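1. Could you look at this predicted model? Sequence included:
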Amino acid sequence: MLTIPKRKTRPSRNESTMTDQDAWANPELLCETDWLAEHIEDDNLVLLDCDVLPAYQRLHIPGALWSLSRYWKSDPSDDSQIYGLEDSEQFARLAGRLGITPDTQVVAYDASGGLYAARVWWTFDRFGHTNFKVLHGGLDKWYAEGRPLANDNRRAAPADYPTPPAPHDDTICRLDEIPALIEDENHIFWDVRSDGEWTGANKRGTQRGGRIPGAVHLEWLHTLESPVRTLKPPAELRQMLADLGITPETRVTTY
C-alpha cells in the first residue's frame, strides 16, 4: 500500500501555483512529450521503458532501456523485507546496471497509462533519487504524435551507484497500522481497483474478496483521459477527489 503524505523534499511553490486549481501541485514529477523530444539526447538522461520485454522489443522510444517494474521488488521469501520493495543494495545494483548515477535525470514511461512507470518512480523516490520524471501519456501519446520509434535492444554502460541509506517510510503503510487508520477521521483509504474487485465479485485468485472497511472507491483508470491516457486536468481531478472526501489536508492511503 502507498501512503501519500505532504511532500517535504520538493521545491517550494509560489502562492499563485498553490491556489490555482488548474495547475499541477508538483509539475516536476511529469514531463511532456515535447520536453522529452528536446532532451532525449542529453548526456545525463536515462530513459526507461517499463513494459514487458516483448512490447519493448516490438517498438519503443529511441534510446530507451528496458526496465520491467517487477525487477525493482524484493524477494518475497525474505521476511526481513516488505514484499514488493527492494533493499538499498539491490536498488543500487539495478540502477548502476542501467547506467544511472545519483545525479542522472531519469524518465520512465510505459504503454499502460503510467501504471508501471509510476511504480519505478516511487521506488527511486523512496531512496532519495528525486531527479525522476514520468512521461505524461507515455508511449501512447508519443506514438499518436507521430514521433520516431525504434526496435533495437540497447544495453547501458554500467555506472557506479553508491548504496543509498535505508529507504524512507514516508510513503509506506504497514499492515499493523491499518486498524488505527480505519478509525482516524483525518485519514482515507482510497481503493483504486476495478469495480469487481471493490465489490468482491472478482477475487483475483485470492481466498477472500472485498475491501478495507470505510474505504472509498475510484478506479485509477478513471483518472485518465482517452485515447492516449494522459491524466485528466488538475481541476477535474481535484473535484473527483473532493467528491470522495479527499482534500489536500487529508492523509490518503491507496491500495
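-> Perfect, thanks for sending it. Numbering: from 1, shown residues only.

2. Domain ranges for this protein, per the record?
-> Per automatic domain parsing, the structural domains of the chain span 26-144, 175-254.

3. gap between Asn44 and Val134?
-> 18 Å (Cβ to Cβ, to the nearest Å). Every residue, glycine included, has its C-beta placed from N, CA and C.

4. The two: which has the busier surroundings?
-> Val134 (25 against 11; other Cβ atoms under 10 Å).

5. mean pLDDT for the domains of the chain: which is lowest?
-> Per-stretch mean pLDDT for the domains of the chain is lowest at domain 26-144 (a mean of 90).

6. isn't Gly114 right up against Gly138?
-> Yes. The pair Gly114 / Gly138 is scored as a contact, 5.9 Å apart, by Cβ atoms under 8 Å.

7. list residues touching both of the two?
-> Between them, Gly114 and Gly138 share these contacting residues under Cβ atoms under 8 Å, 6 or more residues apart in numbering: Arg229.

8. now the helices for the stretch 1-150 of the chain?
-> Using DSSP state H, counting those that start in this stretch, the helices found in the stretch 1-150 of the chain span residues 15-19, 33-39, 53-58, 88-97, 115-126, 138-144.

9. got JSON lines for those, with mean neighbour count and distance to Glu197 too?
-> Below are these laid out as JSON lines (neighbours: other Cβ atoms under 10 Å; distance: least, Cβ to Cβ, whole Å):
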{"stretch": "helix 15-19", "mean neighbour count": "10", "distance to Glu197": "35"}
{"stretch": "helix 33-39", "mean neighbour count": "15", "distance to Glu197": "32"}
{"stretch": "helix 53-58", "mean neighbour count": "14", "distance to Glu197": "24"}
{"stretch": "helix 88-97", "mean neighbour count": "17", "distance to Glu197": "29"}
{"stretch": "helix 115-126", "mean neighbour count": "21", "distance to Glu197": "15"}
{"stretch": "helix 138-144", "mean neighbour count": "20", "distance to Glu197": "23"}
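
10. thinking again about what came up before, let me know which of the domains of the chain is the nearest to Ala166.
-> Comparison of those against Ala166 by Cβ to Cβ identifies domain 26-144 as nearest, at 6.0 Å.

11. Between the two ends of the closest one, what distance do you get?
-> Chord length of domain 26-144, first to last residue, is 25 Å (Cα to Cα, to the nearest Å).

12. Please apply the same query to stretch 167-178.
-> 21 Å.

13. His39: what's its closest spatial neighbour, skipping adjacent residues?
-> Distances taken as Cβ to Cβ, 6 or more residues apart in numbering place Leu45 nearest to His39, at 5.8 Å, with adjacent residues excluded.

14. Show me what the one you found is bridged to.
-> Gln105 (DSSP bridges).

15. what's it in contact with, if anything?
-> Counting by Cβ under 8 Å, 6+ apart, Leu45 makes contact with 39, 104-107.

16. Could you do Pro162 as well?
-> Contacts of Pro162 (Cβ under 8 Å, 6+ apart): 92, 102.

17. Which of the helices or strands spans it?
-> For Pro162, there is no helix or strand it lies in under DSSP states H and E.

18. On the pLDDT front, check it for me.
-> 97.

19. same question, Gln21
-> pLDDT recorded at Gln21 is 80.

20. ranges for the strands of the stretch 151-255 of the chain?
-> Secondary structure of the stretch 151-255 of the chain (DSSP state E, counting those that start in this stretch): strands at 187-191, 216-217, 251-254.

21. Reformat these as TSV; add distance to Ala144 and mean neighbour count.
-> As requested, the strands of the stretch 151-255 of the chain are exported to TSV (distance: least, Cβ to Cβ, whole Å; neighbours: other Cβ atoms under 10 Å):
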stretch	distance to Ala144	mean neighbour count
strand 187-191	29	20
strand 216-217	30	16
strand 251-254	28	18
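
22. closest to Leu30 out of the ones you listed?
-> Among the strands of the stretch 151-255 of the chain, strand 251-254 sits nearest to Leu30 (Cβ to Cβ), with 18.0 Å.
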